[in-house]
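Engineer: model this:
(chains A and B)
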There are 2 protein chains.
Amino acid sequence: VTSRYELFYWPGIQGRGEFVRLALEDAGAAYVDVARVRGIAAMMRVMNGVGGVPPFAPPFLRTGRLLIAQRANILLYLAPHLDLIGKSEAARLAAHQLELTITDLLAEVHDTHHPIASSLYYEDQRREAARRAKLFVAERIPKYLGYFEGVLGNAAREGGLLGRFSYVDLSLFQVVRGLSYAFPTAMRRIARKISRVHALHDRVQARPRLRAYLASDRRIPFNEDGIFRRYPELDG
Amino acid sequence: VTSRYELFYWPGIQGRGEFVRLALEDAGAAYVDVARVRGIAAMMRVMNGVGGVPPFAPPFLRTGRLLIAQRANILLYLAPHLDLIGKSEAARLAAHQLELTITDLLAEVHDTHHPIASSLYYEDQRREAARRAKLFVAERIPKYLGYFEGVLGNAAREGGLLGRFSYVDLSLFQVVRGLSYAFPTAMRRIARKISRVHALHDRVQARPRLRAYLASDRRIPFNEDGIFRRYPELDG
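Structural biologist: Numbering: from 1, shown residues only, chains lettered A, B, ... in the order given. Predicted coordinates:
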């Protein structure tokens, strides 16, 4: 059987690729996680062999004749095929808007441990990281998660950020999981203010396919090479 | 006459809203730049009055019953209506992929002057900004613009990044303009390595409607409140 989807991402981290994995896994889609099966060299050969508009960086997805890069763009494409979004244009735009807000958040999370440059080790920017993380924890986590709490509070959104379950709920689940890994103290401190976000996290976690995935060895544990890193000195 | 499009963005800067303005202006679309006409308070009333999924931040666009936020999401929606993208799914995905790569770049540009926090003044993070900007100029500008140079070099792309002209060309024009404002020395130094990017910039600049816009007072000058800021000490 040939899988319809090939996902290309760094094999040792959850990173940005994990958001695509969650969508594929929750939908029960057949896919190959190429670099984990065939190695990074195989991924780079594909990436460097693309004519036209190649990816700037992983993750990217190959399906049929399409090769699609950028995390949120991949989800934009996949969601209708995986029945993870409603059919209306308004729903799709709203979902993508939320997903791009998560993109912004991820860049900020990354920069808590790399505020100067991705090309430098964390150890070479620890002083700046401490300064940035302190304000990220105090200002940005409450602002972002408070925003999502507000979206969930608008009307009856028991089913998810868009009223019914959608792929953005999977992404918010992953954000909560990642922030709770990286900043456990800070997340405990604001837990009561974002009860709807946590309730959504728990509902997502209970979805049968997702629960099976999270318990499998396909789920790479969080570690200090990914976006969400547990450096206790950065956790408020 | 009622304009079909209302753009909401901070009135004193080009910022992220400028990418939407360029698309509307190049297409000759009728639009209202709401905060410039009716003030910031009018913008905030709309933003805070949205049920469902409100914007996390400006820019946002109102058209009919849709209210769309996130710069790249607005362009994704607008481009087909303004005839700024081809009809194929592959072209739209490729354009959005490039646009999201520009989103990533913009976050990095912003953080050259705000590496610690948006809530602090530049003056309170100058030391970190100098360190970050040095590596941004040395590593990231060449990486990003070299990437776009490569896309333009794939096949015959005289017409633009996607072969024919599209909204992404307007966005890359704005990136070149902004980087040249903020980092003139660094941009002069790499000019010869990105000749296709500069040629595209020149072709875009010569488009009649865009030229008229750039010469009008609707084009806000670059300044030190926007994303692209000229702080000589940050320019390699």
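
Engineer: What segments of chain A are strands?
Structural biologist: Applying DSSP state E to chain A gives strands spanning A:5-8, A:31-33, A:60-63, A:66-69.

Engineer: Quick check: which of those is nearest to chain B?
Structural biologist: Nearest to chain B, of all the strands of chain A, is strand A:66-69, at 5.0 Å by C-beta to the nearest C-beta. (Glycine included, C-beta is placed from N, CA and C.)

Engineer: So which elements touch the top helix by length along chain A?
Structural biologist: Taking DSSP state H as the criterion, chain A has its longest helix at helix A:89-113. Applying 3 or more C-beta pairs under 8 Å, 6 or more residues apart in numbering or on different chains; DSSP states H and E, one finds that helix A:89-113 contacts helix A:71-81, helix A:126-135, helix A:141-153, helix A:167-182, strand B:66-69, helix B:71-81, helix B:89-113.

Engineer: Centre of the chain to it, how far?
Structural biologist: 9 Å (C-alpha atoms, centre = their mean, to the nearest Å).

Engineer: One more: stretch A:36-47?
Structural biologist: 21 Å.

Engineer: Enumerate the positions of it that are buried.
Structural biologist: By neighbour count on 16 or more other C-beta atoms under 10 Å in any protein chain shown, the buried set for stretch A:36-47 is A:36, A:38, A:40, A:43, A:46-47.

Engineer: Identify, from these, the entry nearest to chain B.
Structural biologist: A:Met47 (11.8 Å).

Engineer: Grab the nearest non-local neighbour of that closest one.
Structural biologist: In this structure, A:Met47 finds its nearest non-sequential neighbour in A:Pro55, 5.6 Å apart by C-beta to C-beta, 6 or more residues apart in numbering or on different chains.

Engineer: residues contacting that neighbour?
Structural biologist: Contact analysis of A:Pro55 by C-beta atoms under 8 Å, 6 or more residues apart in numbering or on different chains lists A:8, A:47, A:67, A:69-70, B:97.

Engineer: With distance to A:Ala29 and pLDDT added, can I get those in JSON lines?
Structural biologist: Below are those laid out as JSON lines (distance: C-beta to C-beta, whole Å; pLDDT from 0 to 100):
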{"residue": "A:Phe8", "distance to A:Ala29": "15", "pLDDT": "98"}
{"residue": "A:Met47", "distance to A:Ala29": "22", "pLDDT": "95"}
{"residue": "A:Leu67", "distance to A:Ala29": "17", "pLDDT": "97"}
{"residue": "A:Ala69", "distance to A:Ala29": "19", "pLDDT": "98"}
{"residue": "A:Gln70", "distance to A:Ala29": "19", "pLDDT": "98"}
{"residue": "B:Gln97", "distance to A:Ala29": "21", "pLDDT": "98"}
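
Engineer: export those residues to TSV and tack on distance to A:Ala107?
Structural biologist: Shown next, in TSV, are the contacts of A:Pro55 (distance: C-beta to C-beta, whole Å):
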residue	distance to A:Ala107
A:Phe8	21
A:Met47	21
A:Leu67	23
A:Ala69	16
A:Gln70	13
B:Gln97	17
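
Engineer: Now render the strands of chain A as CSV, adding mean neighbour count and distance to chain B.
Structural biologist: Below are the strands of chain A laid out as CSV (neighbours: other C-beta atoms under 10 Å in any protein chain shown; distance: least, C-beta to the nearest C-beta, whole Å):
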stretch, mean neighbour count, distance to chain B
strand A:5-8, 23, 14
strand A:31-33, 18, 18
strand A:60-63, 22, 9
strand A:66-69, 22, 5
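
Engineer: Measure how buried A:Ala215 is and give me the count.
Structural biologist: 9 (other C-beta atoms under 10 Å in any protein chain shown).

Engineer: I meant A:Ile13, not that one.
Structural biologist: 19.

Engineer: how far away is it from chain B?
Structural biologist: 18 Å (C-beta to the nearest C-beta, to the nearest Å).

Engineer: repeat for A:Asp235
Structural biologist: For A:Asp235 relative to chain B (C-beta to the nearest C-beta), the value is 17 Å.

Engineer: Confirm for me that that residue is in contact with A:Phe136.
Structural biologist: No - using C-beta atoms under 8 Å, A:Asp235 makes no contact with A:Phe136, being 10.5 Å away.

Engineer: and these two? which has more neighbours close in?
Structural biologist: The neighbour comparison of A:Asp235 against A:Phe136 (other C-beta under 10 Å) goes to A:Phe136, with 26 against 17.

Engineer: residue contacts, A:Gly12?
Structural biologist: Taking C-beta under 8 Å, 6+ apart, one finds A:220, A:223, A:225 in contact with A:Gly12.

Engineer: what's the neighbour count on the second one?
Structural biologist: Counted with other C-beta under 10 Å, the neighbours of A:Asn223 add up to 13.

Engineer: Any stretches of chain A with poor pLDDT?
Structural biologist: A:1-2, A:155-158 (pLDDT under 70).

Engineer: Stretch A:187-206: which residues count as buried?
Structural biologist: A:187, A:190, A:194, A:196-198, A:200-201, A:204.

Engineer: I'd guessed A:Ala133 sits against A:Leu234; true?
Structural biologist: Yes - between A:Ala133 and A:Leu234 there is a contact at 3.8 Å, judged by C-beta under 8 Å.
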